[in-house]
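S.K.: Need a 3D model of the sequence below.
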Amino acid sequence: MLFFIVDKNNDLVILGGGPAGYSAALYAARADIDTLVLEGNLPGGRISLTDIVENYSGVTGGISGFDLSQIMRDQASSAGAKLAMENADKLTIQNDGLGFSILTDAGNEIKSQSVIIATGTTDKKIEVPGEIEFTGRGVSYCATCDGPLFRGRSVAVVGGGDSAVKEALFLSKICSKVTIIHRRDALRAEKVIQKKAFERENISFEWDTVVTEIKGDKKVQHLALKNVKTLIEKEIPIDGVFVLVGSVPNTSLFKELGILDNRGYLLTDDEMKTSVSGLFGAGDVRKKTVRQVATAVGDGAIAAISAQEFLENSV
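M.R.: Okay, here's the model as predicted:
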């Protein structure tokens with residue numbers, strides 16, 4: 001359910017509509033907390049762009065990231081959480097120190113006694129010549145979104161973590177050849193995912209290698225590569241390149257609050273509390289070692305329970 005008229009006063013506002021945000025909304029709404037979720041422009045968050053999720057407990061046989069996120073969204077809404085496809089443009093602590101004021105990109109000013117930050121992360125760039133110029137013309141950050149455009153063609157995947165290898169496996173089903181380019185000599189992805197990639201006949205690997213330039217005329221045609229150990233350089237013909245080298249936290253709004261580490265990740269304790277009273281964090285936006293759907297959902301539940309305790313003690 002989508003609410004086009006945003007309530008101006010709320011007990012709790014959740015910034016971000018991914019697994020962490022929806023989990024927090026579910027727990028909060030079930031506790032009869034007046035809850036609003038500012039989902040942003042992509043309800044479901046980054047997981048909604050994932051081809052298949054196979055490691056979420058209780059889901060057998062795999063499920064598309066989009067379907068999983070929509071189940072979470074519908075569940076939160078059915079519990080009573082209000083949803084709005086708006087982004088927070090500004091967050092300020094009210095003058096009396098009690099509560100927060102949020103300005104959205106739709107021009108709404110919202111008041112809330114408590115806030116959970118679940119804004120997630122954004123794809124990291126490799127910052128080489130040609131990357132920006134060819135974005136949308138052969139450079140992509142989402143295989144599920146753009147992979148079908150390269151059906152029967154040759155593509156490269158830059159990265160060696162779970163997301164990169166999963167996306168390479170997806171691409172191998174529709175592309176003639178997939179080359180995984182990784183700056184190390186071993187993948188970082190889960191062993192079961194690595195095994196599938198090594199067994200896939202049309203997936204090859206460029207180890208200890210980085211991309212130094214993305215080349216082409218009006219679209220991507222070649223990648224310039226460099227082996228970081230031998231320093232040998234070469235070019236390979238390619239039709240598309242999918243950059244999947246990690247992410248950066250979406251926390252630019254909170255720089256002045258003193259709640260971020262030196263990489264921009266949100267600092268919280270085990271109860272998801274920040275150093276600002278009434279302000280909590282959940283999901284990939286937090287400083288932590290594991291970023292998975294399961295951990296995001298757990299964070300969201302804890303954050304909502306902590307917010308409930310805060311609200312009860314504030315009465």
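S.K.: Which elements pack onto the worst-scoring helix or strand of the chain on mean pLDDT?
M.R.: When each helix and strand of the chain is scored by mean pLDDT, DSSP states H and E, helix 143-146 comes last, with a mean of 84. Judged by 3 or more CB pairs under 8 Å, 6 or more residues apart in numbering; DSSP states H and E, the packing partners of helix 143-146 are helix 162-172, strand 240-243. C-betas here are computed from N, CA, C, even on glycine.
S.K.: Paired strands for the last one, with orientation please.
M.R.: The strands that strand 240-243 pairs with in its sheet are strand 139-140 (parallel), strand 154-158 (parallel) (by DSSP bridges).
S.K.: Specify the angle between the longest one and helix 162-172 in degrees.
M.R.: Using axes from the mean of the first three to the mean of the last three CA atoms, to 10 degrees, one finds that strand 154-158 and helix 162-172 are set 170 degrees apart in direction.
S.K.: Just the CA trace of strand 154-158, in CSV.
M.R.: Extracted in CSV, the C-alpha atoms of strand 154-158 (Å, rounded to 0.1, in the frame of the first residue of the first chain):
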residue,chain,number,x,y,z
SER,A,154,30.7,-11.2,-24.4
VAL,A,155,30.7,-9.3,-21.1
ALA,A,156,33.0,-8.8,-18.1
VAL,A,157,32.3,-8.7,-14.4
VAL,A,158,34.7,-6.7,-12.2
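S.K.: Against which helices or strands is the helix ranked longest in the chain packed?
M.R.: Looking across the chain with DSSP state H, the single longest helix is helix 293-314. Contacts defined by 3+ CB pairs under 8 Å, 6+ apart place helix 293-314 against strand 9-15, helix 19-30, strand 109-117, strand 279-281.
S.K.: got the contact list for the least confident helix or strand of the chain?
M.R.: Contact with helix 143-146 is made by 49-51, 65, 140, 157, 167-168, 170-171, 240, 242, 244, as judged by CB atoms under 8 Å, 6 or more residues apart in numbering.
S.K.: Please apply the same query to stretch 284-297.
M.R.: For stretch 284-297, using CB under 8 Å, 6+ apart, the contacting residues are 16, 18-20, 23, 46-47, 53, 55-57, 68, 72, 117-121, 247, 249-251, 261, 263, 265-268, 272, 282-283, 299.
S.K.: Same check on stretch 226-238?
M.R.: 138, 154-156, 179, 183, 206, 208-210, 212, 215, 220-225.
S.K.: In helices only, show me those.
M.R.: Nothing among the contacts of stretch 226-238 maps onto helices, per DSSP H.
S.K.: So among these, which ones count as buried?
M.R.: The neighbour count (16 or more other CB atoms under 10 Å) marks 138, 154-156, 179, 183, 206, 209-210, 215, 220, 223-225 as buried among those.
S.K.: So which residues of the stretch 151-300 of the chain form strands?
M.R.: Under the criterion DSSP state E, counting those that start in this stretch, the stretch 151-300 of the chain carries strands at the ranges 154-158, 177-181, 203-206, 209-216, 220-227, 233-237, 240-243, 247-249, 279-281.
S.K.: For the third one, enumerate the helices and strands it packs against.
M.R.: Helices and strands touching strand 203-206, as assessed by 3+ CB pairs under 8 Å, 6+ apart, comprise helix 162-172, strand 177-181.
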